[in-house]
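Trainee: No letters, just coordinates:
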């Protein structure tokens with residue numbers, strides 16, 4: 001059952017916390033700080049849903065809270081470690097340059113509250129899972145397995161890439177082995193699997209209405225801020241990336257293709 005009032009309360013909570021993060025970004029002069037906090041906003045949304053909803057606290061609620069917390073903390077921790085001490089991400093730096101003197105204020109709407117709304121929309125399966133009253137069924141266990149595959153691709157893919165970048169001999173080169181030899185974006189594919197897994201857990205309790213959450217996440221990953229945006233940069237900055245594109249799947253893992 002769709003609980004609109006609880007869902008809207010989640011939006012209010014995300015709007016409030018991203019307002020605080022926006023203030024921190026002004027102090028640091030770095031809008032990229034939102035990337036470090038974005039995955040944590042899902043944990044906040046889940047906690048709000050679990051606190052406010054009238055569904056009994058049970059296995060599905062605990063499961064949903066646990067899975068989103070593990071995913072959110074891992075991603076936030078990795079991005080914090082990777083970006084610590086680095087300059088502002090090129091995407092936000094470009095937006096800052098184009099925005100001029102009004103950018104600090106416009107960034108609240110376009111970046112911080114924009115990402116809050118996006119997280120709120122995607123978080124729908126969290127509400128549906130937490131608000132579910134049924135015992136765990138087969139679909140929930142399929143969802144757990146899907147989530148686990150996604151977390152594996154994200155975590156291992158990030159680890160392999162960090163090891164590759166640590167070697168100065170690899171500067172400007174393309175990682176095309178390990179998980180990166182099966183898909184050009186194992187971390188994005190992993191994110192995709194995580195959210196479809198959470199949706200299956202929600203659907204198992206009757207939360208089919210929340211399917212727009214993983215659909216929106218999929219579109220963002222494949223067509224908007226994920227694969228499409230990143231590959232525009234990599235094609236220009238990585239030697240041999242064109243060959244990599246010809247031999248390796250863009251998103252879904254698969255065997256390497258023969259060069260033509």
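Mentor: Perfect, thanks for sending it. Owing to the predicted nature of the structure, the values given are computational and were not obtained by experimental measurement.

Trainee: Only C-alpha atoms from now on, for both contacts and neighbour counts.
Mentor: OK.

Trainee: which residues sit against the lowest-mean-pLDDT helix or strand in the chain?
Mentor: Within the chain, no helix or strand scores below helix 227-237, which has a mean of 74 by mean pLDDT, DSSP states H and E. The list of residues contacting helix 227-237 from outside it, by CA atoms under 8 Å, 6 or more residues apart in numbering, reads 172, 185, 188, 221-223, 241-242, 250-251.

Trainee: Domain ranges for this protein, per the record?
Mentor: The chain is divided into the following domains under automatic domain parsing: 1-133, 135-260.

Trainee: Going through the contacts of helix 227-237, which ones are buried?
Mentor: 185, 188, 221-222, 241, 250-251 (16 or more other CA atoms under 10 Å).

Trainee: Farthest-apart pair in those, please.
Mentor: Farthest-apart pair in the buried ones among the contacts of helix 227-237 is 221 and 241; separation 19.5 Å (CA to CA).

Trainee: coming back round to it: for the least confident helix or strand of the chain, which positions count as buried?
Mentor: Within helix 227-237, the residues scored as buried using 16+ other CA under 10 Å are 227, 231.

Trainee: mind listing the helices for the stretch 51-200 of the chain?
Mentor: With DSSP state H, counting those that start in this stretch, the ranges of helices along the stretch 51-200 of the chain come out as 59-83, 90-99, 103-107, 114-122, 124-130, 138-166, 186-203.

Trainee: the inter-axis angle of the first one versus helix 138-166?
Mentor: I take that to be helix 59-83. The directions of helix 59-83 and helix 138-166 differ by 10 degrees, with axes from the mean of the first three to the mean of the last three CA atoms, to 10 degrees as the criterion.

Trainee: Ok, the last one next?
Mentor: The directions of helix 186-203 and helix 138-166 differ by 160 degrees, with the same axes, to 10 degrees as the criterion.

Trainee: Cool, thanks, signing off.
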